[in-house]
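**Student:** Just need the structure, nothing else, for what follows:
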Amino acid sequence: MNNLQVPTAFRRNSPGLGLALAAFALAVLISFLVPAIPTLTACVVLGILFAALPWRGSVRAEVKPGLAIAARRLLRIGVVLLGFKLSLVNIAELGWLVLGMIVAIVVITFFFTWGIGRMLRLPGQQSVLIAAGFSICGASAIGAMAGVTRAKDSDTATPIALVTLCGTLAIALLPALRPLLGLDTAEFGMWVGASVHDVGQVVATAQIAGATALAVAVVVKLTRVAMLAPMVALAGVVAARADRVQAAAASAAGEPATDRGEVKRPAILPLFVVGFLAAVLVRTFVPLSDGFLEAAAYGQELVLGMALFGLGASISIGNLVRTGGRALVVALISWAVIALLSYGAVEIARAAGVAALG
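**Tutor:** Model (predicted):
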């Protein structure tokens, strides 16, 4: 029986996975021809375009299982591999002042965005997913938070689209604002690292100002990435508490357990987030070869690219236009707040003469 299941699963999933792999290859080519467009951003856009084309229902049905595998399992593998980019030693070199400000920015923008989303009554888990994507690390954070909140793909797709939109706009907008704000290269790098969402978007934005800006931006950005595990764990605690309150209310109303539709909640810290933490510790304390780190980086971009294409392919432009207005408002407000707070942190660091900023 098991011998038959593997080929059957392969035949079912291979069309969608093959399509996601081809889309990633096309995204790499697009990024090579137009360096201002990060590969992962191109993957999301290609997925949205695929969903918008008038394919026959049989075509969509053929690729749907594989795209679902990409959107969920590959995204989680990408989160694990992201940990190999993060060394606690490099984070410590920023100093306590900068570290404290980065943590404060992440926490403030997360709960502010979450609150705005709830106030505007965003559907499903969109509030917490937008908060995670904009305050922590873009699509990777959205995927991690979706795992602990049991978010549907339809809830995940809109935040992915919005974080891609705002991050792409940042690539053009932030360098244009730099001379107006009077930021030197290191200060610009800190601003970019603290306010732009995905790692790829940070690299695309900061490299415009040179190697110094890029180096500072990446370290600051990866410090935000380090907040992924504690914020996901905190969200898991809140979600578990909400479940208990709901179950207690249903029990008080005399509803049988089977009528309440109780299901087992995922672990407060999902296994792939534990894998992320393990990868961080390995990168910090184990001497890894440059070849391994380069392979991990390429692997992470590959699986995340395929995952983001799968998520993009689940976005309906019509539904996004009809129902995404409130989510767009939340995203733009969150983006503005994190940009302002990050600029304030740069000014404080400048006034304090932080060594990490040169």
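**Student:** Show the contacting residues for the residue nearest to Ala331 when sequence neighbours are not counted.
**Tutor:** Among residues not flanking Ala331 along the chain, Leu162 sits closest, at 4.1 Å (CB to CB, 6 or more residues apart in numbering). Just so you know, the C-beta spots here come from the backbone N, C-alpha and C atoms, and that holds for glycine as well. Residues counted as contacts of Leu162 (CB atoms under 8 Å, 6 or more residues apart in numbering) are Ile130, Gly133, Gly324, Ala327, Leu328, Ala331.
**Student:** Distance check, Leu162 against Phe285.
**Tutor:** 37 Å (CB to CB, to the nearest Å).
**Student:** Next: Val346.
**Tutor:** Val346 is 31 Å from Phe285, by CB to CB.
**Student:** next helix or strand past the worst-scoring helix or strand of the chain on mean pLDDT?
**Tutor:** Here the helix or strand of the chain ranked lowest by mean pLDDT, DSSP states H and E is helix 257-260, holding a mean of 46. Next helix or strand after helix 257-260 toward the C-terminus (DSSP states H and E): helix 271-285.
**Student:** circling back to that earlier point, mind listing which of the contacts of Leu162 are in helices?
**Tutor:** Ile130, Ala327, Leu328, Ala331 (DSSP state H).
**Student:** any idea which of those residues has the most stuff around it?
**Tutor:** The residue in the ones in helices among the contacts of Leu162 with the most neighbours, by other CB atoms under 10 Å, is Ile130 (29 neighbours).
**Student:** Could you report the neighbour count for the closest residue in space to Ile116 that isn't next to it in sequence?
**Tutor:** Once flanking residues are discounted, Ile116 sits nearest to Val330: 5.2 Å by CB to CB, 6+ apart. Using other CB under 10 Å, Val330 is surrounded by 26 other residues.
**Student:** likewise Ala352?
**Tutor:** 12.
**Student:** ok, it touching Val98?
**Tutor:** No: between Ala352 and Val98 there is no contact under CB atoms under 8 Å: 9.1 Å.
**Student:** tell me the contacts of the one residue sitting closest to the centre of the chain?
**Tutor:** Central residue of the chain (CA atoms, centre = their mean): Ala139, 2.2 Å from the mean position. Contacts for Ala139 were tallied using CB under 8 Å, 6+ apart; they are Leu40, Val44, Leu75, Gly133, Ile160, Val163, Thr164, Asp198, Leu304, Ala307, Leu308, Leu311.
**Student:** before we move on, back to that, which helix or strand contains the residue nearest to Ala331?
**Tutor:** Counting by DSSP H and E, Leu162 is found in helix 153-181.
**Student:** chain center to that helix, what's the gap?
**Tutor:** 12 Å (CA atoms, centre = their mean, to the nearest Å).
**Student:** Identify each buried residue in that helix, please.
**Tutor:** 153, 155-168, 170-171, 174-175, 178 (16 or more other CB atoms under 10 Å).
**Student:** same check, this time on stretch 199-211
**Tutor:** Of all the residues in stretch 199-211, those buried under the rule 16+ other CB under 10 Å are Val199, Gly200, Gln201, Val202, Val203, Ala204, Thr205, Ala206, Gln207, Ile208, Ala209.
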